[in-house]
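K.L.:
A structural model of the following input is requested.
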Amino acid sequence: MLVNKAQALVEEKIRAESQANPVARAICAAVEASPEPFEVAAEGAGFEVRACAFLPNGLPNRARMKIFSPKPGHTLVFFYKKSLVPYSRDRYSYGGIDLRTAEVDEAEIAAWLAFLSSGFHPDKRPAQLRRAFPYEIPQ
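P.N.:
Presented below is the predicted three-dimensional model:
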């Protein structure tokens, strides 16, 4: 479920990213169909999704996933958390996935969303996730 879809900036971001990238379109559809609450960030480059549900230990979930295409036919999926330090722009990467095709399987997206919802629990780690990811998370 997408909790902030009614916001005008979020609607525009979803429309623009869905038209530009079929992977973002598939992820957006999976997020909207999910029973878990997610939020889309309207600012910044790429398509960013944040898990909104609290973790089992009662802490807020800070996990984020960003989909970014540096060029047509090449999509990067980043998994990260932002720093809790006020005014910090630091991000802590949990790895990424390098896609060279426009097609992505629904089961893969479901695994990504489960990893995101779990707060990046090691048991939920997607099979394709690479911890040593040689790309910088775009702002």
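K.L.:
CA atoms for contacts and neighbours, from now on please.
P.N.:
OK.
K.L.:
ok, which stretches of this protein are helices?
P.N.:
For the chain, the helices defined by DSSP state H occupy 8-20, 22-33, 106-117.
K.L.:
Just list the residues touching the closest residue to residue 99 other than its chain neighbours, thanks.
P.N.:
In space, and not counting its chain neighbours, residue 99 is closest to residue 75: 5.1 Å by CA to CA, 6 or more residues apart in numbering. The contact partners of residue 75, by CA atoms under 8 Å, 6 or more residues apart in numbering, come to 23, 67, 68, 69, 98, 99, 100, 101, 102.
K.L.:
And the buried ones among those residues, selectable in ChimeraX?
P.N.:
To isolate the buried members of these in ChimeraX, using 16 or more other CA atoms under 10 Å:
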select :23,67,68,69,98,99
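K.L.:
Same list (the contacts of residue 75) but as CSV, adding distance to residue 126 and pLDDT.
P.N.:
Shown next, in CSV, are the contacts of residue 75 (distance: CA to CA, whole Å; pLDDT from 0 to 100):
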residue, distance to residue 126, pLDDT
23, 16, 94
67, 15, 95
68, 18, 94
69, 20, 90
98, 13, 93
99, 14, 93
100, 17, 90
101, 18, 86
102, 19, 82
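K.L.:
and which of the contacts of residue 75 is nearest residue 129?
P.N.:
Distances from residue 129 to the contacts of residue 75, taken as CA to CA, are shortest for residue 98 (8.6 Å).
K.L.:
Beta-bridge partners for that closest one, please?
P.N.:
In this entry, residue 98 is beta-bridged to residue 76, by DSSP bridges.
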